[in-house]
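Student: only geometry, no sequence info:
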Ligand SMILES: [Zn+2]
Ligand SMILES: [Zn+2]
C-alpha cells in the first residue's frame with residue numbers, strides 16, 4: 001500500500017478526475033470547427049469533447065454509448081436517443097430495444113454462471129445509473145421475452161429448419177440437438193440390433 005501511495009495513487013487519481021471533467025469543454029468543436037464542444041463520450045477510447053451534431057455522427061455505429069453533457073457546472077448523463085438518434089424497437093409498436101450484444105453477453109453469462117435475466121437487467125440498470133433506480137425502468141420482463149425470441153432464432157439458425165407458417169408446428173425432433181454419443185445403427189451401434197433378443201437390443205455391441 002505504501003508503494004501504491006508513493007508511486008501510483010496520484011496518477012490514478014488524475015485519471016479518475018479526467019473521467020469527471022475535461023478542460024476542453026465549452027471550446028470550439030474540434031471536428032466541425034463550428035459548434036460548442038459540450039458533449040463527451042467517456043466510453044469511446046481517447047475521445048474529445050464535441051458538439052451535439054458531431055457526437056451523434058461519431059456514434060452512428062455505437063448508438064448505446066452513454067454521453068455526458070457539460071452544463072457549465074457538472075456533467076449530465078444523456079442518452080444518444082435523447083439527442084435525436086432513433087433505436088429499433090419491437091416489430092409492431094416499438095417501446096423497448098436491446099442490443100444483440102446485450103443478448104449475446106447474457107446468453108454466455110447464463111450458460112457459464114447461471115445468471116438470471118432479472119439479475120442481468122438489475123446489473124444493466126445499476127450500470128446505467130448507479131445512484132438512482134428511478135431513472136431506469138425495470139425491463140426484466142421485456143428482456144426475458146426478447147431473450148426467448150433470440151434463443152428461438154439462434155436455434156432455428158443452428159438447425160437450419162424452416163419456420164412453419166400458418167400456425168403449423170415444427171416437425172417432431174427437427175430442432176433437437178444432434179448427439180453424437182447416442183446410438184446410431186451402422187455407426188456406433190450394430191445394424192442388426194432389431195434381430196437381437198429383446199434383452200440385448202439396447203446393447204451397442206454384442207462382440208468386442
Ligand atoms: Zn462539431
Ligand atoms: Zn462513444
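Tutor: Ah, there it is. Nothing here was measured: the structure is a model prediction, and the numbers come from that model. Ligands and ions are numbered 1, 2, ... in the order given.

Student: Distance check, residue 96 against residue 179.
Tutor: Taking CB to CB, to the nearest Å as the measure, residue 96 falls 37 Å from residue 179. All C-beta atoms are positioned from the backbone trio N, CA, C, and that covers glycine.

Student: Please apply the same query to residue 65.
Tutor: 42 Å.

Student: Of those two, which one has the most company?
Tutor: residue 65 (15 against 8; other CB atoms under 10 Å).

Student: roughly how far apart are that one and ligand 1?
Tutor: Residue 65 is 17 Å from ligand 1, where distance means CB to the ion, to the nearest Å.

Student: Return the residues of the protein in contact with ligand 2.
Tutor: 41, 43-44, 65 (CB under 5 Å from the ion).

Student: Mark which of the residues you listed are part of strands, please.
Tutor: Among those, the residues falling in strands (DSSP state E) are residue 41.

Student: Turn the residues of the chain next to ligand 2 into TSV, including pLDDT.
Tutor: Listed next are the residues of the chain next to ligand 2 as TSV, based on pLDDT from 0 to 100:
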residue	pLDDT
41	90
43	85
44	88
65	84
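
Student: Can you tell me which of the residues of the chain next to ligand 2 are buried?
Tutor: Buried positions within these, assessed by neighbour count (16 or more other CB atoms under 10 Å), are residue 41.

Student: Which pair in the residues of the chain next to ligand 2 has the greatest spatial separation?
Tutor: 44 and 65 (6.5 Å; CB to CB).

Student: In the helix or strand containing residue 124, which residues are buried?
Tutor: Following DSSP states H and E, the helix or strand that holds residue 124 is helix 117-128. In terms of neighbour count (16+ other CB under 10 Å), helix 117-128 has its buried residues at 117, 120-121, 124-125.
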